[in-house]
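A.B. asks: just to be clear, the model below is a prediction. Sequence and coordinates:
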Amino acid sequence: MAMGREKATISRQIQRLEKELGVTLFDRSSGKLVITHDGRVLLGKANELFDYLKRIRDDFKDEEIIHQGMINISATHGAIDNFLLPYVDHFRRLHPKVAFEIDGDNREVVYSKVESTDVDFGIAGFETGHKALVFHDLYEASRMIIAPKDNPFFPGKAVPTLRQIAATPLIITVYSGLHEISIDKLFAKAKLKYNVAMRCNNYFTTKKAVAQGMGIAILGEVCISQGDRQIYDIYNLDRYFQRRKYGILLKKNKTIPAVIKALLRTIKPDIDFVSNP
């Protein structure tokens with residue numbers, strides 16, 4: 001037989017397993033072995049166990065492999081600046097023969113590049129409606145207001161009200177249409193019209209304009225660094241906006257090279273490649 005064992009030996013082993021578990025794994029009433037519901041449950045758990053053991057073996061093998069080549073990543077600018085780069089630096093120290101090409105884009109472009117396989121993977125905020133992609137959670141981020149340090153717009157340290165925000169010059173970052181739409185919905189629901197002083201296509205310009213006192217801005221938490229807390233007054237807007245999920249994007253059923261898997265496990269140790277061979 002394919003397993004290199006006699007049929008009778010395998011039958012005895014199955015019977016011993018059934019006796020030990022106290023279940024019937026195969027229905028023998030028709031003269032043929034037909035797997036039962038309990039048998040299918042056990043088969044699924046056994047496959048999960050073998051997959052887990054294989055991942056453990058692969059992890060130890062990865063430590064011995066000298067990875068090399070180019071890794072292409074597309075990610076939103078905030079995810080690159082305030083999340084991704086330390087992992088890239090760590091991986092390069094372990095595998096100096098690996099080089100990186102990292103494209104900073106808005107969320108829609110990141111999704112498009114991953115779906116078209118122009119890049120190996122992406123990192124961006126969660127967005128529904130992409131059936132060809134697999135999303136692996138990394139972290140959640142709040143929406144924040146940044147204002148000039150010791151700003152004249154909001155008295156005290158309390159989170160400003162929507163009416164106070166609406167009355168203050170607002171610098172909008174249009175790196176994602178969904179960002180501005182969510183701001184529109186928030187103020188429309190409160191029946192308030194907000195005061196747009198300027199629109200920018202990147203958050204770097206937005207932050208410079210705020211630092212110069214031109215107004216305030218609503219940004220994702222991923223766009224704000226630790227150093228920014230010395231430059232701006234920062235207010236958490238969880239009471240107004242739902243926290244946004246960010247994660248790794250992979251093209252479903254796309255084969256992932258060992259070097260990419262090694263990097264992804266550095267970023268997310270518990271990542272499951274079940275949808276990607």
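C.D. replies: Cool, the structure landed. Only a predicted model underlies this, so the values are computations on that prediction, with no experimental measurement involved.

A.B. asks: can you pull out the helices in the stretch 151-277 of the chain?
C.D. replies: Ranges of helices within the stretch 151-277 of the chain are 162-166, 177-189, 203-211, 258-267, based on DSSP state H, counting those that start in this stretch.

A.B. asks: how about low-confidence regions in this protein?
C.D. replies: Low-confidence segments of the chain (pLDDT under 70): 1-6, 51-66, 175-178, 275-277.

A.B. asks: so the residue of it most remote from its centre is in which element?
C.D. replies: Largest separation from the mean C-alpha position in the chain: G31, at 50.9 Å (CA atoms, centre = their mean). G31 belongs to no helix or strand when assigned by DSSP states H and E.

A.B. asks: for it, phi and psi?
C.D. replies: Backbone torsions of G31, given as degrees, to the nearest 10, read phi 90, psi -10.

A.B. asks: go on, R12?
C.D. replies: Dihedral angles for R12 - degrees, to the nearest 10 - are phi -60, psi -40.

A.B. asks: and I165, how many neighbours?
C.D. replies: Per other CB atoms under 10 Å, the neighbour tally for I165 reads 26. All C-beta spots, glycine's among them, are computed from the backbone N, C-alpha and C.

A.B. asks: separation between the residue farthest from the centre of the chain and D38?
C.D. replies: 20 Å (CB to CB, to the nearest Å).

A.B. asks: likewise T9?
C.D. replies: Counting by CB to CB, the separation of T9 from D38 is 22 Å.

A.B. asks: would you map out the domains in this structure?
C.D. replies: Domain ranges of the chain: 7-62, 65-140+245-267, 143-242, per automatic domain parsing.

A.B. asks: how about the ones you listed in TSV, adding distance to V274?
C.D. replies: Converted to TSV, the domains of the chain look like this (distance: least, CB to CB, whole Å):
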stretch	distance to V274
domain 7-62	8
domain 65-140+245-267	9
domain 143-242	27
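
A.B. asks: mind listing what R28 touches?
C.D. replies: Applying CB atoms under 8 Å, 6 or more residues apart in numbering to R28 gives the contacts V34.

A.B. asks: was I right to think I14 contacts T24?
C.D. replies: No: I14 is beyond contact range of T24, at 10.2 Å (criterion: CB atoms under 8 Å).
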